[in-house]
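Trainee: The sequence and its predicted three-dimensional model are supplied below.
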Amino acid sequence: MSSKGTIVIIDDSEIVLEQIRAELEPLGYTIKTTTQTVGTARLLVGADLVILDMHMPGLHGGQVLGNLRAAVESMATPPLFYMYTSDPAEEARYREYGFDGAFTQKGNLGSLARQLGAAMRMLKLKR
């Protein structure tokens, strides 16, 4: 099966990362995961979309996003960056932080799969 796209997921919980991988890989996505907020630029090469947990230990997702955006500045086709949260106040501010979009209802894997599918369809239309 060919990949529907390459997704990088950054979250501080290995359990969350494995649950997301188990949900999305059978749908045809190539999944790369990490709990690290530093040194993740290597994972971004060839990625279509990055899902970033907003609440990392000691860091806010908006701070991590700034570093990631700097790392992809020279890429011909940088990935989209999406916030992952269940906090409506954070979700409402996704553009303010510099994200391309927000995946809501964190923890609801079915919802994540549907939202990701829509984002990837939009990305393919743009490219």
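Mentor: Now that the structure is in, tell me what you want to look at. From a predicted model like this one, the values you see are computed outputs, not experimental measurements. Residues are numbered from 1 along each chain as shown.
Trainee: How about the residue sitting nearest the centre point of the chain: which residues does it bridge to?
Mentor: Averaging the C-alpha coordinates of the chain gives a centre point, and the residue nearest to it by CA atoms, centre = their mean is Ile51 (1.0 Å). The residues listed as beta-bridge partners of Ile51 by DSSP bridges are Ile9, Tyr82.
Trainee: Look up the pLDDT of it for me, please.
Mentor: The predicted structure scores Ile51 at 97 on the pLDDT scale.
Trainee: for Met1, same thing?
Mentor: At Met1, the predicted lDDT confidence score is 52.
Trainee: So what touches the lengthiest helix in the chain?
Mentor: With DSSP state H setting the assignment, residue counts place helix 109-126 as the longest helix in the chain. Defining contact as CB atoms under 8 Å, 6 or more residues apart in numbering, one finds that helix 109-126 is touched by 4-5, 7, 19-20, 23-24, 27, 29, 48-49, 51, 80, 82, 84, 101, 103-106. All C-beta atoms are positioned from the backbone trio N, CA, C, and that covers glycine.
Trainee: Quick one, which of those residues are buried?
Mentor: 4-5, 7, 20, 23-24, 29, 48-49, 51, 80, 82, 84, 101, 103-104, 106 (16 or more other CB atoms under 10 Å).
Trainee: can you give me the strands in the protein?
Mentor: Secondary structure of the chain (DSSP state E): strands at 5-10, 29-34, 49-53, 55-56, 59-60, 80-84, 101-103.
Trainee: Take those strands and lay them out in a markdown table including distance to Leu116.
Mentor: A markdown table is the format used below for the strands of the chain (distance: least, CB to CB, whole Å):
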| stretch | distance to Leu116 |
| --- | --- |
| strand 5-10 | 7 |
| strand 29-34 | 7 |
| strand 49-53 | 7 |
| strand 55-56 | 20 |
| strand 59-60 | 23 |
| strand 80-84 | 8 |
| strand 101-103 | 7 |
